[in-house]
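In: Turn this into a model:
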Amino acid sequence: MKPIQTGIERLVSDPPRSLRGKRLGLLANPASVDRRFQHSRCLVEDRFPGQLKALFSPQHGFFAEKQDNMITSDDMVDPVLKIPVFSLYGHARTPTKEMLEQIDTLIIDLQDVGTRVYTFVYTMALCLQAAQSNGKQVIVLDRPNPLGGNLIEGNCLRPEYASFVGMYPVPMRHGFTIGELALLFNNHFGIGSELTVVTMAGWKRDMLFADTGLPWIPPSPNLPTPMSAMVYPGQVLLEGTNISEGRGTAQPFEICGAPFMDIAGLIEWLTRCNIDGVHLRPLAFEPTSNKWQRELCYGFQLHVIEPKLYRPYRTTLALLQAVVSLQPEAFQWKTPPYEYEFEKLPFDLITGDPAVRKGIEDQEPLEALEQSWIEGQRDFEEIRRPYLLYE
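Out: Next up, the predicted model:
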């Protein structure tokens, strides 16, 4: 198999003539590297000497140093290139006119994780909107979807629940690369920016990240491995509850639990659910930060043994339904705020539809919940087809 070339590698190996003499900006973070671990800002500077005028950073900061949600980053000066770094998760989440006055073209090189709630893609969407308003060109450098590009899973977001963890009506597991998402946002949802996507070479839709041969650099602090990204479309739901999603441990999202969880009862319950491709191993842990800090929690580690059978959204919904049924007095839905939304329940913002929470509370069979999503998934499949860049 030929090595996969990411968008940044193709950009610097065959730069478009349209970038000659242009002032460039780059939206990036530590995961913005080539296969030899060279950072995109250095690659762009080497290929276009003196043209890179500004850097931009998404949530968690340019160095991915901020651990949690709603922790902002300040603007800074890059210690390597000595150019400004504008935070897009600070005093502004949309590039301002003053930021964009310094550049002609914004290059975006971010590693997405294939899940609707990941804020990087909405930072990209806001950049597309700002570029359209200010007459700037955008180039998105494509990277693999670590979950593969074939399967979609979950309900589509209801527009009235749009937020910074979901701006557009797509399923939780969307099956797009970040370049394909950019085309969907820009064209189908009407942003209308001057957009170019630099595609990958060699990537196939059935590839998981381990199949790519590329290095995994955590795109955010609590997705340290491809496995944490694999479970994330389901385990991220726990952020809307009082169950620890493993933040404050060495295996965020792969482990979960709370002091009140009845492991024996949960195992008995879950054996009656149709959960494939994953083994939930009982364990106990103490988070060093976040929920249940320094308290002994009982829960599970998710071991994905058949990735192509595993359905992360279904798995975590089954776990939640079991906890709500067995321990309704101890379990709680997290209260606002969440990602700068101060009224709606965080769980409803994450799922994008309060019917999911109500289905859990009412013990609606998972099969019935999934059946209610089929029409939306079919509509989404039709919408997404024109924007698929890879066979």
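
In: for residue 182, what are its contacts?
Out: Taking CB atoms under 8 Å, 6 or more residues apart in numbering, we find residue 182 in contact with 108, 124, 128, 138, 140, 195, 197. C-beta: built from backbone N, CA, C; applies to glycine.

In: Tell me the spacing between the fifth one and residue 122.
Out: Per CB to CB, to the nearest Å, residue 140 is found 14 Å from residue 122.

In: more crowded one of the two?
Out: Legend: neighbour count by other CB atoms under 10 Å for residue 140 and residue 122, higher for residue 140 (28 against 25).

In: So that one lies in a strand, does it not?
Out: Yes: secondary structure of residue 140 (DSSP: H, G, I helix; E, B strand; the rest coil): part of a strand.

In: right, and it touches residue 108 too?
Out: Yes: between residue 140 and residue 108 there is a contact under CB atoms under 8 Å: 4.7 Å.

In: if we can go back for a sec, wait, which of the contacts of residue 182 is closest to residue 163?
Out: residue 124 (15.6 Å; CB to CB).

In: which SS class is that closest one?
Out: helix.

In: burial of residue 120, as a residue count?
Out: When neighbours are counted by other CB under 10 Å, residue 120 comes out with 24.

In: right, and it touches residue 219 too?
Out: Yes: contact criterion CB under 8 Å: residue 120 and residue 219 qualify, at 7.0 Å.

In: Can you check which residues contact both of those two?
Out: With CB under 8 Å, 6+ apart, residue 120 and residue 219 have common neighbours 110, 111, 112.

In: Quick check: which element contains the last one?
Out: Secondary structure from DSSP states H and E places residue 112 outside every helix and strand.

In: Could you pull up the residues touching the nearest residue to it once chain neighbours are set aside?
Out: Nearest non-adjacent residue to residue 112, counting by CB to CB, 6 or more residues apart in numbering: residue 178, 4.1 Å away. Contact partners of residue 178, counting by CB under 8 Å, 6+ apart, are 108, 110, 111, 112, 120, 121, 124, 140, 142, 143, 145.

In: how about the strands in the stretch 201-350 of the chain?
Out: Here the stretch 201-350 of the chain has its strands, by DSSP state E, counting those that start in this stretch, at 255-258, 278-285, 297-304.

In: how does this structure divide into domains?
Out: Here the chain is described, according to automatic domain parsing, as comprising the domains 7-221+383-387, 226-352.

In: which one of the strands of the stretch 201-350 of the chain lies closest to residue 206?
Out: Closest among these, using CB to CB: strand 297-304, at 16.1 Å.

In: Relative to that closest one, what are the paired strands and their orientations?
Out: When pairs are called by DSSP bridges, strand 297-304 turns out to pair with strand 255-258 (antiparallel), strand 278-285 (antiparallel).

In: For residue 71, give me the pLDDT.
Out: At residue 71, the model reports a pLDDT of 89.

In: what's the answer for the one 3 residues further on, then?
Out: Reading off the confidence values, residue 74 has pLDDT 95.

In: Export the domains of the chain as TSV, with columns for distance to residue 366.
Out: Output for those, formatted as TSV (distance: least, CB to CB, whole Å):
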stretch	distance to residue 366
domain 7-221+383-387	12
domain 226-352	6
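
In: how much space between the residue nearest the centre of the chain and residue 205?
Out: Nearest to the centroid of the C-alpha atoms of the chain, with distances taken as CA atoms, centre = their mean, sits residue 118, at 2.8 Å. Noted for residue 118: a distance of 19 Å to residue 205, by CB to CB.
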